[in-house]
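In: Got a predicted model here, sequence first, then my questions.
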Amino acid sequence: MAGFEKVYHLLKEQGNEFIVISARGGLVGEMKGDAIRLLKEHQIEFDQYYWKVDDKLEICQKEKVDLMIDDDWKVVENLAKHHVKTLYFRDVNLKKMEESEYLTEVSNWGEVYRYIRGLSNLSNESD
């Protein structure tokens with residue numbers, strides 16, 4: 001997705017960790033292999049991988065995820081309901097959702113980066 005690589009490298013340089021929590025590999029097994037191939041081709045390495053995941057909330061809670069990014073409104077709704085800060089990567093034709101303390105809508109990786117930088121600035125101010 002356009003802009004991801006640049007944002008990924010900037011955030012990694014700043015010490016952020018990335019965890020893949022994906023349903024890929026479940027219903028369509030080849031999707032996991034395709035995702036892994038693309039990541040390797042672009043030299044993108046995550047800190048941890050969870051494939052074939054049905055319950056993303058369980059993994060987010062287990063890993064104490066600070067921020068989840070997802071494009072499935074049902075997943076986003078469930079995470080926000082359980083107080084997991086979530087960025088809803090919404091394409092124009094996807095369901096519009098009401099934003100809250102735990103749910104923020106974004107439409108590109110620049111917005112993701114600015115949101116995360118804003119969180120970093122808040123935590124630095126409170127130190």
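Out: Sure thing, it's come through. Numbering: from 1, shown residues only.

In: Number of residues surrounding the closest residue to Lys95 other than its chain neighbours?
Out: Spatial nearest neighbour of Lys95, excluding adjacent residues (CB to CB, 6 or more residues apart in numbering): Trp73 at 4.4 Å. C-beta coordinates here come from the backbone N, C-alpha and C atoms, glycine included. Trp73 has 15 neighbouring residues, counting by other CB atoms under 10 Å.

In: just His42 next, same as before
Out: As a burial measure, His42 scores 11 neighbours (other CB under 10 Å).

In: ok, now Tyr50?
Out: A total of 17 residues lie near Tyr50 under the criterion other CB under 10 Å.

In: right, and the residue nearest to Lys95 touches Asp91 too?
Out: No: Trp73 sits out of contact with Asp91 when judged by CB atoms under 8 Å, with a separation of 10.8 Å.

In: what about the helices in the chain?
Out: Under the criterion DSSP state H, the chain carries helices at the ranges 4-13, 30-41, 56-63, 73-81, 109-126.

In: buried ones in the second one?
Out: By that I understand helix 30-41. Residues of helix 30-41 classed as buried: Met31, Lys32, Ala35 (neighbour count, 16 or more other CB atoms under 10 Å).

In: ok, back up a step: show me the contacts for the residue nearest to Lys95.
Out: With contacts taken as CB atoms under 8 Å, 6 or more residues apart in numbering, Trp73 has the following neighbours: Tyr88, Arg90, Leu94, Lys95, Met97.

In: any weak-confidence spans in this structure?
Out: In the predicted model, the chain carries pLDDT under 70 at residues 1, 26-29, 120-127.
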